[in-house]
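S.K.: coordinates for the following, if possible.
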Amino acid sequence: MAIGVLYIDDEVNNLNSFKAAFRRDFEIFTASSAKEGRKILDTQEIGVIITDQRMPGMTGIEFLESILPVYPDTIRILLTGFSDINAVMDAINRGQVYKYLVKPWQNDELKMYIENALEIYNLRKENKELARKLNAAYAELDAFGKPRA
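M.R.: This next block holds a predicted model:
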């Protein structure tokens with residue numbers, strides 16, 4: 001199963017444009033609200049979340065901050081039509097955002113950021129698996145009473 005890219009935006013035209021631009025390159029999921037996005041996160045392996053900042057009910061930063069405890073390895077990108085310096089600082093500090101981009105996006109640029117974000121996500125997964133294997137090996141050594149290297 002391919003690792004997914006989730007784009008959340010309350011504007012249906014943006015969702016359709018995103019899906020049309022990137023469906024050949026990535027496993028794309030779209031949601032028109034934070035609530036809908038959370039349902040997708042709970043059922044699919046999502047490596048990258050791209051969310052609009054200004055949405056009704058919950059901002060993009062609030063959404064990204066809310067999912068951190070459950071999905072800490074997912075790479076987060078904030079996309080907005082407004083260049084608000086406070087939103088940028090909040091995104092970096094509270095939502096642990098990898099990139100902050102202003103609409104309208106450039107397909108080539110956004111594709112590059114998604115590819116880079118997926119690479120980071122995969123490296124995080126690989127590191128966790130290697131750490132798990134190393135800890136299992138240490139536990140096995142400890143069981144035999146052998147000193148660690």
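S.K.: which residues does Gly60 contact?
M.R.: Listed by C-beta atoms under 8 Å, 6 or more residues apart in numbering, the contact partners of Gly60 are 8, 51-54, 78-80, 91, 95. Every residue, glycine included, has its C-beta placed from N, CA and C.
S.K.: dump those residues to a markdown table, plus neighbour count and secondary structure.
M.R.: Below are the contacts of Gly60 laid out as a markdown table (neighbours: other C-beta atoms under 10 Å; DSSP: H, G, I helix; E, B strand; the rest coil):
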| residue | neighbour count | secondary structure |
| --- | --- | --- |
| Ile8 | 28 | strand |
| Thr51 | 28 | strand |
| Asp52 | 22 | strand |
| Gln53 | 25 | coil |
| Arg54 | 14 | coil |
| Leu78 | 26 | strand |
| Leu79 | 22 | strand |
| Thr80 | 21 | strand |
| Ala91 | 26 | helix |
| Gly95 | 25 | coil |
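S.K.: closest to Glu65 out of the residues you listed?
M.R.: Nearest to Glu65, judged by C-beta to C-beta, of the contacts of Gly60 is Gly95 at 5.0 Å.
S.K.: helices and strands around the helix of greatest length in the chain, which ones?
M.R.: In the chain, taking DSSP state H as the definition, the longest helix is helix 107-144. Applying 3 or more C-beta pairs under 8 Å, 6 or more residues apart in numbering; DSSP states H and E, one finds that helix 107-144 contacts helix 12-22, strand 46-52, strand 75-80, strand 99-102.
S.K.: state the mean pLDDT of the next helix or strand after the second one.
M.R.: Right, strand 46-52. Where DSSP states H and E defines the elements, the next helix or strand beyond strand 46-52 is helix 60-67. When pLDDT is averaged over helix 60-67, the result is 90.
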